[in-house]
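K.L.:
The following block contains a protein sequence and its predicted model.
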Amino acid sequence: MHIDLIIEDARIWTGDPDRPAASRIGVWNGVVIGLDEQLEGMSASLVLRAQGAFIAPGFNDVHSHSVWFGQTLLELDLSGTASGAELLQRVSAYARGKAAEDWVIASNFNPLGIAGGLPTRDELDDAAGGRPLWLKNSSGHAYTLNGVGLRALGIDDYPTARIDGGKVVTDSQGRATGLIEENAMALVQAHHLPDSRPDIVRALGAATRRYVAEGLTSVTDAGIGGGWIGHSPQEFGAYQLAREQGELLTRMQPMVTIDALHDVAGHASDEPAATLDAGIRTGVGDEWLQIGPAKVFTDGSLLGSTAAMTEDYEQCPGNHGYLLGDPGELREKAMRAASAGWSLALHAIGDQAVDFAIETLAEAQARYGEPRIPNRIEHGGVVRDEQVPLLARHRIVLVPQPFFIAAFGDGMAEKIGHRRTELSYPAARLLHHGALLPGSSDRPVAPGAPLGVMQSFVERLTESGRIYGEAERISAEQALVAYTRGSAEATGWSHRKGVLAAGMLADLVVLSDDPRTVPSERISKIEVVATFVGGEARHGGL
Ligand SMILES: [Zn+2]
């Protein structure tokens, strides 16, 4: 038999417990045809020698905001800007490449890092060549606009309107400086959405090019089509366009935000259902692009002290966060989606929100059965011991982000106190109780290179080097399983993905070293030599 590709002389970790190691792998029609002696007598159009490189199943990030992340890659990156003059110069050089009416958008703007005072809005007007300018402050809690940008949003030079929980900042004369804080940021977002289909396609191209460079072959987008994280009501159509135009380099499973679902009529015997028109729901699509679960926010954030806890935040007596909206209404919304056949992904960070999510998902499963793509709880900032066996019993997937610990663990520890860090973003307890553990990043909220996230699974060290919940550390092999087989099971694809065996999709990553044998602090430094999706090299090569 003649097949497409044989890779030989490799150290292959298959992820398959029945056959964990191999040195040769054969690919035909995008699928693994066999390993080692199963390739006896076969020839291939292309034979690659890996020279002892380490090969694993492709990585799978089950919670990453791909359009949002791709957009940040296309914007001007202002990291490291040290003076007002440098800021003006960088904005001006970037703006020159834009059409006269285009917005100039930049991210990673850190005003605290600018020595000698910030440029004025008028200086920023000049630098942007009369174009509207939008700087996204790195705190995530403010934007900085120029005068043209303020006027484009319809904000008066001397604004008088008050905004609940936010501010259009003014100087001593009452003139808007361009600084837009907290809830006032919605004025800017509302002006820019929805994004155009070509813009979404460009963002997906940029995001997935980065993904394959980091060994990712499958990604779940954690919310499209509506709500504050969606980019357009036509976002799935834009995903389809990206695929048709060859801009989707990884397999994608976007979740649809529940805000995009609405009541859709059916037969009198059908239960009331909230879904997309024509009854389209979770599962539509194929191995390249498939509609995932409906995404529901049940609480806020840990660093903002708004995630719903059963105990108060440290040094904040009386504040234990809150559920987003009336629990009865949230539950009813979720049931109507489940009744239409949607799997559910409930964002729940505080343990009170996790209680609510477990109850809601258990009820949905009791009423409508267990969905083929599992129900999930996103994040798990605090998960009490007695909640873990419930997750396992109901086969609910908890999706933790261990890199939050490396990115902002010190701040989280301050919010919940040392004791609760032992309950935060669990991993070892999930495995101990037989629950699933997938790999995920929540990119671009935190960095998302999979080898970096795996290192955080193993180390659980904060940005200052403190240990955060030591008992939840897992081994590098368990982290590798999470990012491959765990993610495949969590997204309903364990029959085609997550291990390298005959009949599975030929998604694999070639690494310069074995994450299981290097010192843990070296895991993130391992080089991604090549990434194959469906048997084709989408990054690097051998
Ligand atoms: Zn997210």
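P.N.:
Done, it's in.
K.L.:
Kindly provide the distance from the residue of the stretch 201-350 of the chain found nearest the ion to Arg151.
P.N.:
Closest to the ion within the stretch 201-350 of the chain is Ala222: 4.3 Å, counting by Cβ to the ion. For every residue, glycine as well, the C-beta is placed using N, CA and C. Separation of Ala222 from Arg151 (Cβ to Cβ, to the nearest Å): 34 Å.
K.L.:
Same question for Gly540.
P.N.:
Taken as Cβ to Cβ, the span from Gly540 to Arg151 is 47 Å.
K.L.:
which of Ala222 and Arg151 has more neighbours?
P.N.:
Ala222 (29 against 15; other Cβ atoms under 10 Å).
K.L.:
For Ala482, see how far away that one is.
P.N.:
17 Å.
K.L.:
swap in Gly178?
P.N.:
Gly178 is 44 Å from Ala482, by Cβ to Cβ.
K.L.:
between these two, who's got more neighbours?
P.N.:
Under the criterion of other Cβ under 10 Å, the comparison of Gly178 against Ala482 puts Ala482 first, with 29 against 25.
K.L.:
just checking, the more buried one touches Pro438?
P.N.:
Yes - at 6.0 Å, Ala482 counts as touching Pro438 under the criterion of Cβ atoms under 8 Å.
K.L.:
can you pull the buried residues of the helix or strand bottoming out on mean pLDDT in the chain?
P.N.:
Within the chain, no helix or strand scores below helix 185-192, which has a mean of 88 by mean pLDDT, DSSP states H and E. Neighbour counts over helix 185-192 (16 or more other Cβ atoms under 10 Å) mark Met185, Leu187, Val188 as buried.
K.L.:
Now the last one. Nearest residue, chain neighbours left out?
P.N.:
To tie it back to what came earlier, the one meant is Val188. Tyr143 (5.5 Å; Cβ to Cβ, 6 or more residues apart in numbering).
K.L.:
Which strands border the helix or strand containing the one you found, and is each parallel or antiparallel?
P.N.:
Element membership of Tyr143, judged by DSSP states H and E, is strand 142-145. Counting by DSSP bridges, the strands paired with strand 142-145 are strand 133-137 (antiparallel), strand 176-182 (antiparallel).
K.L.:
Which residues does the first one contact?
P.N.:
Strand 133-137 is touched from outside by 75, 78, 91, 95, 103-111, 124-125, 127, 143-146, 148-149, 188, with contacts defined as Cβ atoms under 8 Å, 6 or more residues apart in numbering.
K.L.:
near the ion, from the residues you listed?
P.N.:
When Cβ under 5 Å from the ion is applied, no member of the contacts of strand 133-137 is adjacent to the ion.
K.L.:
Mind checking which of those land in helices?
P.N.:
Those of the contacts of strand 133-137 mapping onto helices are Val91, Ala95, Leu124, Asp125, Ala127, Val148, Gly149, Val188, per DSSP state H.
K.L.:
ok, those vs the ion, which is closest?
P.N.:
Val188 (20.2 Å).
K.L.:
so how far does stretch 116-131 reach from one end to the other?
P.N.:
25 Å (Cα to Cα, to the nearest Å).
K.L.:
what mean pLDDT does that stretch have?
P.N.:
Averaged across stretch 116-131, the pLDDT comes to 95.
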